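Undergrad: missing the sequence, but the structure's below:
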């Protein structure tokens, strides 16, 4: 899997470049990065900061989705779960806690991820507000509780606004107060005391406590390094975890080191650009970085059971910059054309050694009888190939007697509205219902189902007099030996093809069955990354399977165009 730094430079930073450019202008005008940026008259003002930490947090928190499974329960503040966990309607540019993108790292078939963090609370007020009591009631033997506090613990012990501070350190000292906010008598303890309370009561329920040090602020020391909190809350969190024998994830240290690696300019892109300057809450890019670090920290705990809850490392499925891809066109307009439409598993262009099966199809066809045009592009789903206008460009070249082979699914999964999916998830199923999604620029999009987009492709192409073939996605490297991969997308594709007058190839199973024949050792040599993209050998192997599927279609519609003696390597 490419490093976060690589993904940030190639995919996330470009999304924030307009804002970064504005920030650089402010800096050059002499505004200090460490303070509250005030834009000069010649620079438009930054957006106002959003307060997502109400003094009396009124939120609806999730419960375990499947009580039969163990749960990974998160408690903490807004850096774990921000406000209503929706980015304030600003998409990736809003404020996000790391608990949201952590969901992409855990397997929901093996564990519930239950994010019960609440913005504005400290270790003390998470207890006194009653949130801990209600969370503890959900904890059962075998669960794991991750706790991250500290950002709000440095506040005042007693005032009429939040009254959320704790006594500094890890000692047993206490202070009795008449709480000006609640009007009640209260004994306030140290930061360490409250962590020990969480740890002890978690263990009493037969669950495993894991302490996570607080994320670092957007701040630098005199040497230009990201500022650590080793001498305060991060260090105290570690001290408590060590003394109590609890698991510990040094998110503060890991994130600060990553900030140093990325450099100050890149780190600016991990936080919302607002005035006053936002130095604590991350945007989606920052939350994703922290989630990645938490996931690696969970793996490093050495607990095989917890490790089994994490998904296999996903391969990067970048949204390829269209400007870097040359649009193909039919070589001879007088001949019929076979158009290939899909994602990077159909066309990768050699990036990081990846080759899609569509790039190895031409040798199977007689160039004197038919054109083969590979219009696939990496990072697209059935939805984004349509919304970007790519399908319209294919249609503009299509004529009666042409063919189009369509394969989507790898990028169609995930939750609509989750910025980690880069606005490319389609709604599941076949129906006409839509789901509203917010784009990074704040605009709204009505997202259709996977079946709707595929049906649209079929109808449009058939209206041009073309023959349509729908193919189920090629399987992942780790999903061909047991239960079938892409079962839902294959079923939807089959149904849409049947009702729309198109052909269907279950390419998932054609490839999986062939993988079983050659064995795992050889299959492992077919991939350029962990589980998704094939190399040249894998692309050639899968292209042969596609041709097998085409030959098996009723009436063999492309049979007359196949080369009598294709010049391909033995498969």
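TA: Received it, and whenever you're ready, just let me know what you need. Since we're looking at a predicted model, the values are computed, not measured.
Undergrad: Can you give me the domain boundaries for the protein?
TA: 72-307, 322-561 (automatic domain parsing).
Undergrad: Could I get these in TSV, plus columns for mean neighbour count?
TA: C-beta: built from backbone N, CA, C; applies to glycine. What follows is the domains of the chain, written out as TSV (neighbours: other CB atoms under 10 Å):
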stretch	mean neighbour count
domain 72-307	20
domain 322-561	19
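Undergrad: just the strands in the stretch 401-550 of the chain please.
TA: 403-407, 435-438, 444-447, 467-471, 503-505 (DSSP state E, counting those that start in this stretch).
Undergrad: ok so, going back, can you tell me which of the domains of the chain is nearest to residue 63?
TA: Nearest to residue 63 among the domains of the chain is domain 72-307; the distance by CB to CB comes to 6.0 Å.
Undergrad: helices and strands of this structure: which one bottoms out on pLDDT?
TA: For the chain, counting by mean pLDDT, DSSP states H and E, helix 13-28 ranks last in confidence among helices and strands (a mean of 36).
Undergrad: Of all the domains of the chain, which one is nearest residue 64?
TA: Set against residue 64 and scored by CB to CB, those come closest in domain 72-307, at 4.1 Å.
Undergrad: so how far is the first residue of that closest one from its last?
TA: 12 Å (CA to CA, to the nearest Å).
Undergrad: Give me the mean pLDDT for it.
TA: Domain 72-307 carries an average pLDDT of 94.
Undergrad: OK, contacts around the residue nearest to residue 527 when sequence neighbours are not counted?
TA: Nearest residue to residue 527, sequence neighbours excluded (CB to CB, 6 or more residues apart in numbering): residue 477, at 5.1 Å. Contact analysis of residue 477 by CB atoms under 8 Å, 6 or more residues apart in numbering lists 523-524, 526-527, 530-532.
Undergrad: now, among those residues, which is nearest to residue 499?
TA: residue 532 (29.7 Å).
Undergrad: from what I can see that closest one touches residue 345, true?
TA: Yes - taking CB atoms under 8 Å as the definition, residue 532 is a contact partner of residue 345 at 7.0 Å.
Undergrad: anything in contact with each of those two?
TA: residue 410.
Undergrad: so residue 131 makes contact with residue 59?
TA: No - with contact defined as CB under 8 Å, residue 131 does not count as touching residue 59 (9.1 Å).
Undergrad: what sits in contact with each of those two?
TA: In contact with both residue 131 and residue 59: residue 118, using CB under 8 Å, 6+ apart.
Undergrad: Could you say which helix or strand holds residue 282?
TA: Under the criterion DSSP states H and E, no helix or strand holds residue 282.
Undergrad: same question, residue 177
TA: Under the criterion of DSSP H and E, residue 177 resides in strand 175-178.
Undergrad: which residues touch that strand?
TA: For strand 175-178, the surrounding residues in contact (CB under 8 Å, 6+ apart) are 157-158, 167, 184-188.
Undergrad: Farthest pair within these?
TA: Longest span within those, CB to CB: 167 and 184, 18.1 Å.
Undergrad: Contact partners for residue 411?
TA: For residue 411, the contact set (CB under 8 Å, 6+ apart) comprises 317, 343, 379-381, 384, 421, 424-425.
Undergrad: Quick check: chain neighbours aside, which residue is closest to it?
TA: residue 381 (3.9 Å).
Undergrad: May I have the phi/psi pair for that neighbour?
TA: Main-chain dihedrals, residue 381, degrees, to the nearest 10: phi -120, psi 180.
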